[in-house]
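*Asks:* Any chance you can model this:
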Amino acid sequence: MAKTTWGLRAVVLAASGALVLAACGGGDSDGGESSGSSSEEGAQGGTLYYLEIAEQVDHLDPQRNYVGEDLAFAGSFLHRTLTTYKFSPDPAEANELVADLATDTGTPNEDATEWQFTLIDNATWEDGETVTCEDVKYGVSRTFAQDVITDGPQFAVSLLDIPTDDEGASQYKGPYTGEGQELFDEAVTCDGQTITFKLNKTVADFNYATTLLAFSPVREDLDTGEQYTDAPASNGPYKIEEYSKGQQLVLTRNENWDPESDPIRPAYPDEIVWQFALDENAIDQRLIADSGDDQYAISLAIQPANKPQILADDPRFNDRTWDEFDPYSRYIAINTKLVPNQKHRQAILAAMNRENILAVLGGDFAGTEADGIVKPNLALDYAPTGLWTDLLGQEIPAQGD
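*Replies:* The predicted structure is shown next:
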């Protein structure tokens with residue numbers, strides 16, 4: 001994770017900050033694995049502890065998972081996708097699209113209204129069964145069961161060439177009712193291990209959408225519907241050993257995962273323990289103390305009061321912290337029904353003391369001002385808006401106008 005910039009939604013602004021503290025210390029497969037410096041190579045063995053204030057993961061069901069932190073966790077350890085992003089500390093390399101379950105990053109037809117992906121032969125489930133084209137097709141079909149599979153992304157629903165009803169809803173209602181199944185079967189087809197998606201328009205970057213876990217495989221015979229989010233089957237390097245909400249999630253090695261099939265995930269720890277419902281101040285103090293199992297622990301959020309010490313003042317933490325931009329912006333959303341006048345909303349925006357808000361969140365270590373919802377580190381999509389210089393008619397100081 002990393003620090004978050006200021007964001008704008010229409011004429012609405014807010015800020016937020018997040019960063020990583022990783023504990024360090026020597027270790028071996030008996031006593032835990034050192035996370036050490038970000039420049040060090042990893043080594044097999046040990047237990048990684050993840051300290052969390054939340055009581056559970058929002059969703060481990062791949063089709064319902066749509067939170068950045070949870071996508072990164074599940075996509076690294078449990079669920080594979082047709083395509084993914086290269087794991088790299090180099091920002092340029094980390095934005096590189098690579099094949100995962102597919103043999104390559106996909107092949108479009110001439111106008112990119114159809115995309116084909118051929119699956120690798122040696123990807124397996126935790127019980128040793130081969131991951132098939134039909135598993136991927138079934139996983140995608142679950143996103144259409146809107147009454148059961150909630151909260152996930154809707155790219156498949158909006159992009160696949162399936163007719164809609166008079167209200168704009170898909171005529172396919174998912175695999176649990178089977179209503180409109182023939183329509184889905186025309187839009188998504190399998191020929192051996194090759195899956196073809198027929199789209200309702202040209203989508204030149206559809207292979208980027210398939211990096212989302214919504215396009216991950218699910219075995220129909222293992223699907224438990226709404227309850228699948230608590231015990232999904234793994235096709236990644238780890239499997240769920242224990243999931244006690246409010247306590248912990250424990251992952252152990254998936255002995256049927258073939259590392260030869262998956263050069264993306266190094267799978268260093270033997271075990272991963274995600275501890276829930278911890279006091280946020282206690283997390284900081286445990287990581288600062290750096291003793292016992294906490295030498296092998298990480299957290300994705302540091303309290304604002306501790307950020308100067310951890311990120312700047314104390315050299316003990318120099319090789320234990322990462323302070324980088326994540327892809328997110330945070331904003332305050334004004335109810336436009338209550339404040340319908342755009343000029344009024346712009347006045348609220350201009351009047352905000354952005355300097356004070358940022359200071360409360362942790363100052364320079366919490367983030368920086370942004371000029372819109374798209375951040376500069378998303379280079380392909382970012383363009384300056386001039387928000388604080390001339391967009392509103394004149395320069396707006398950080399203290400507000």
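
*Asks:* Please name every helix or strand in contact with the helix or strand residue 283 falls within.
*Replies:* Element membership of residue 283 [criterion: DSSP states H and E] is helix 280-289. With contacts defined as 3 or more C-beta pairs under 8 Å, 6 or more residues apart in numbering; DSSP states H and E, helix 280-289 has these neighbours: strand 47-51, strand 297-299. (C-beta placed from N, C-alpha, C; glycine too.)

*Asks:* Make CSV out of these and add distance to residue 41 and mean neighbour count.
*Replies:* Formatted as CSV, these follow (distance: least, C-beta to C-beta, whole Å; neighbours: other C-beta atoms under 10 Å):
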stretch, distance to residue 41, mean neighbour count
strand 47-51, 16, 21
strand 297-299, 17, 21
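
*Asks:* Distance to residue 125 for the ones you listed - can I get that in a markdown table?
*Replies:* Shown next, in a markdown table, are the helices and strands packed on helix 280-289 (distance: least, C-beta to C-beta, whole Å):
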| stretch | distance to residue 125 |
| --- | --- |
| strand 47-51 | 23 |
| strand 297-299 | 28 |
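
*Asks:* Quick check: which of the ones you listed is nearest to residue 264?
*Replies:* With C-beta to C-beta as the criterion, residue 264 lies closest to strand 47-51 of these, at 17.8 Å.

*Asks:* starting at the chain centroid, how far to the closest one?
*Replies:* 18 Å (C-alpha atoms, centre = their mean, to the nearest Å).

*Asks:* pLDDT of that strand, averaged?
*Replies:* What strand 47-51 shows for mean pLDDT is 96.

*Asks:* For the helix or strand following that strand, give the mean pLDDT please.
*Replies:* Toward the C-terminus, strand 47-51 is succeeded by helix 68-77 as the next helix or strand (DSSP H and E). For helix 68-77, mean pLDDT rounds to 94.

*Asks:* and if you look at stretch 309-318?
*Replies:* Average pLDDT, stretch 309-318: 82.

*Asks:* cool, and stretch 281-299?
*Replies:* On average, stretch 281-299 scores 93.

*Asks:* again, but for stretch 210-225
*Replies:* Taken as a whole, stretch 210-225 has a mean pLDDT of 98.

*Asks:* which one of the helices and strands packed on helix 280-289 lies closest to residue 192?
*Replies:* Closest to residue 192 of the helices and strands packed on helix 280-289, according to C-beta to C-beta: strand 47-51, at 38.0 Å.

*Asks:* now for the helices and strands packed on helix 280-289, which one comes closest to residue 248?
*Replies:* Among the helices and strands packed on helix 280-289, the nearest to residue 248 by C-beta to C-beta is strand 47-51 (9.4 Å).

*Asks:* so what does the closest one touch, helix or strand wise?
*Replies:* strand 271-275, helix 280-289, strand 297-299.

*Asks:* just so I know, which of those lies nearest residue 392?
*Replies:* Among the helices and strands packed on strand 47-51, helix 280-289 comes nearest to residue 392, with 36.1 Å by C-beta to C-beta.

*Asks:* quick one, the closest one and strand 271-275 angle?
*Replies:* 140 degrees (axes from the mean of the first three to the mean of the last three C-alpha atoms, to 10 degrees).

*Asks:* quick one: helix 280-289 to strand 47-51, angle?
*Replies:* Going by the same axes, to 10 degrees, helix 280-289 makes 140 degrees with strand 47-51.

*Asks:* for helix 280-289, which positions count as buried?
*Replies:* Judged by neighbour count (16 or more other C-beta atoms under 10 Å), helix 280-289 contains these buried residues: 283-284, 286-288.

*Asks:* Any buried residues in stretch 370-378, and which?
*Replies:* Buried, per 16+ other C-beta under 10 Å, within stretch 370-378: 370-375.

*Asks:* do stretch 332-348 as well
*Replies:* 334, 345-346.

*Asks:* Repeat that for stretch 113-129.
*Replies:* Applying 16+ other C-beta under 10 Å to stretch 113-129 flags 113-120, 123-126 as buried.

*Asks:* Of these, which is the nearest to residue 278?
*Replies:* residue 126 (28.3 Å).

*Asks:* can you tell me which residues contact that closest one?
*Replies:* Each residue near residue 126 by C-beta atoms under 8 Å, 6 or more residues apart in numbering is listed here: 233-235, 239, 254, 256-257.

*Asks:* Quick one, which of those are buried?
*Replies:* Buried among the contacts of residue 126 (16+ other C-beta under 10 Å): 233-235, 239, 254, 257.

*Asks:* so which of the residues you listed comes closest to residue 276?
*Replies:* For the buried ones among the contacts of residue 126, the nearest to residue 276 is residue 239 (18.9 Å; C-beta to C-beta).

*Asks:* pLDDT on the strand or helix carrying that closest one, on average?
*Replies:* Using DSSP H and E, residue 239 sits in strand 238-244. Here strand 238-244 scores 98 as its mean pLDDT.

*Asks:* Touching that strand from outside, list them.
*Replies:* Strand 238-244 has contacts (C-beta under 8 Å, 6+ apart) with 60, 77-78, 126, 230-232, 234, 248-254, 257, 267, 271-272.

*Asks:* which one of the buried residues of stretch 370-378 is nearest residue 176?
*Replies:* Once C-beta to C-beta is applied, the member of the buried residues of stretch 370-378 that ends up nearest residue 176 is residue 373, at 35.1 Å.

*Asks:* Which other helices and strands does the helix or strand following the strand holding residue 239 contact?
*Replies:* Sequence-wise, the next helix or strand downstream of strand 238-244 (DSSP H and E) is strand 248-253. Counting contacts by 3+ C-beta pairs under 8 Å, 6+ apart, strand 248-253 packs against strand 238-244, strand 271-275.

*Asks:* how about those in TSV, adding distance to residue 302?
*Replies:* Output for those, formatted as TSV (distance: least, C-beta to C-beta, whole Å):
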stretch	distance to residue 302
strand 238-244	26
strand 271-275	16
